[in-house]
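Chemist: Sequence and computational prediction follow.
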Amino acid sequence: MENIKAFLKITVRDKDGNIKYESEKMKSKSFLLQYMQHIFLFFAQNSGSVANIKDTGGVLQTVYGPNYGAGTTNAHKIDAFAPDNNSTYGIVVGNGGAGNPVTTIDYKLFTQILHGLTAGTLDHGAMSISDAIDNITYVSYQLSRNFYNATASNISFDEVGIYVWSSQGYYCIIRDTISSVLIGPDQTAAVQYFMETYP
């Protein structure tokens, strides 16, 4: 049995809160290489821990472990708690999923939809992250974010992921391709990731 799982759910509502679309709770396809490299740095607490991690711009960054030594930029945190109006990290969406399946070495969404209020963009809300709770048979916490269509045109997305802010840049740790989700004008898509561990 897999011990660590991620799930994804998407709900689209109109301006009055009526549900226009609601997905099933889908299994996430991939934790990516950048996720494993950051976890490695947290566990490898010796003074020589270092990893070359590709950021969302495709640039390899030399990221040092927490105990590498004074004067170095270290990997002391993985931050997904993005504020309002920010599409550089947190849960992100895109429209490049078709024909571009997930691989473990993906370092970004294929075509990210950026924050904005004009055609082809979505208004990115602030990230919400719940406390970890014990559900008796498993332990879980939840990450969520709202994406509002402030334009007069429909916009669709078919890829979803999580970007984190860490040492020296932003890194993609999860990418999923999904069936296309339509957000009409004045509608909001709530994207939720559920992180779960099982004994």
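Modeler: Thanks, I have it.
Chemist: what sits opposite the closest residue to residue 50 other than its chain neighbours in the beta ladder?
Modeler: Excluding the flanking residues, the one nearest residue 50 by Cβ to Cβ, 6 or more residues apart in numbering is residue 64, at 5.3 Å. All C-beta atoms are positioned from the backbone trio N, CA, C, and that covers glycine. Taking DSSP bridges as the rule, residue 64 bridges to residue 50, residue 74.
Chemist: What distance do you get for residue 64 to residue 129?
Modeler: Distance of residue 64 to residue 129, given as Cβ to Cβ, to the nearest Å: 25 Å.
Chemist: More neighbours: which of these two?
Modeler: residue 64 (21 against 15; other Cβ atoms under 10 Å).
Chemist: correct me, but the more buried one touches residue 49?
Modeler: Yes: if you go by Cβ atoms under 8 Å, residue 64 and residue 49 touch, sitting 6.9 Å apart.
Chemist: Could you pull out the residues contacting both of those two?
Modeler: residue 41 (Cβ atoms under 8 Å, 6 or more residues apart in numbering).
Chemist: Just want the most central residue of this structure.
Modeler: residue 162 (1.1 Å; Cα atoms, centre = their mean).
Chemist: How is that residue assigned, secondary-structure-wise?
Modeler: strand (DSSP: H, G, I helix; E, B strand; the rest coil).
Chemist: Skipping its backbone neighbours, what lies nearest residue 174 in space?
Modeler: Per Cβ to Cβ, 6+ apart, closest to residue 174 is residue 162, 4.4 Å.
Chemist: need the contact list for the one you found.
Modeler: Residue 162 makes contact with 80, 90-92, 143, 172-174, 193 under the criterion Cβ under 8 Å, 6+ apart.
Chemist: among those, which are in strands?
Modeler: 90-92, 143, 172-174, 193 (DSSP state E).
Chemist: So for stretch 83-101, what gets flagged as buried?
Modeler: Within stretch 83-101, the residues that count as buried by 16 or more other Cβ atoms under 10 Å are 87, 89-97, 100.
Chemist: er, stretch 7-21 actually
Modeler: By neighbour count on 16+ other Cβ under 10 Å, the buried set for stretch 7-21 is 7-13.
Chemist: now stretch 110-125
Modeler: Using 16+ other Cβ under 10 Å as the test for burial, stretch 110-125 gives 110, 112-113, 115, 121-125.
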